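Q: Just a sequence and a predicted model for now, questions to come.
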Amino acid sequence: MSILGSIRDAIFGGPAAAAEAPIPTSQTDASIQSKATPAATGSVQPVSAIDVAEVLDQRNREHPENLDWRRSIVDLMKLLDLDSSLKARRELAQELDYQGSTADTAEMNVWLHKQVMTKLAQHGGTVPPELT
């Protein structure tokens, strides 16, 4: 499983939840999807969006450390009980097609955090706009 997939599953509650929510690829698709009726879409049931910040804030309240998941990819990964090592972050950078230098970890980490939040929003999560 991909690292992004592990992050998504940890927040959304598993692969099935994320897979059920189709992602509109354009305004037209979004318009068509919003007008679709159950008869037109078969047996697909709408999936309510996951409030990513709420899920992560709740986990942070229960975590022994006070992690800054809103700004730190390392803290986000720790909060989700995932490997946050440099090796894991470099793998995530490769997975997300990072074009910068992975030697500049500060820049890479900032980019990774923003990309992960953007991907979570694209997969049906509700993410505060300042995080994407």
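A: Happy to help now that I have it.

Q: Tell me, what's the model's pLDDT at Ser6?
A: Turning to Ser6, the model gives it a pLDDT of 96.

Q: okay, now it: neighbour count?
A: For Ser6, the count of nearby residues is 18 (other CB atoms under 10 Å). Every residue, glycine included, has its C-beta placed from N, CA and C.

Q: what sits against it?
A: Residues near Ser6 by CB atoms under 8 Å, 6 or more residues apart in numbering: Leu80, Leu82.

Q: Can you tell me the element it falls in?
A: Assigning secondary structure by DSSP states H and E places Ser6 in helix 3-12.

Q: Now that helix: buried residues?
A: Neighbour counts over helix 3-12 (16 or more other CB atoms under 10 Å) mark Ile3, Leu4, Ser6, Ile7, Arg8, Asp9, Ala10, Ile11, Phe12 as buried.

Q: Okay, and Leu112 sits in which element?
A: Using DSSP H and E, the element containing Leu112 is helix 105-122.

Q: So which elements touch that helix?
A: Under the contact criterion of 3 or more CB pairs under 8 Å, 6 or more residues apart in numbering; DSSP states H and E, helix 105-122 touches helix 3-12, helix 52-62, helix 73-79, helix 86-95.

Q: Mean confidence (pLDDT) on it, please.
A: Mean predicted lDDT for helix 105-122 stands at 97.

Q: From the rest of the structure, what touches it?
A: 4, 7-8, 11, 23, 52, 71-74, 76, 86, 89-90, 92-93, 96, 98, 100-102, 127, 131-132.

Q: The same query, at a cut-off of 6 Å, please.
A: Applying CB atoms under 6 Å, 6 or more residues apart in numbering, the set of residues contacting helix 105-122 from outside is Leu4, Ile23, Val52, Ile73, Leu92, Ala93, Leu96, Gly100, Thr102, Val127, Leu131, Thr132.
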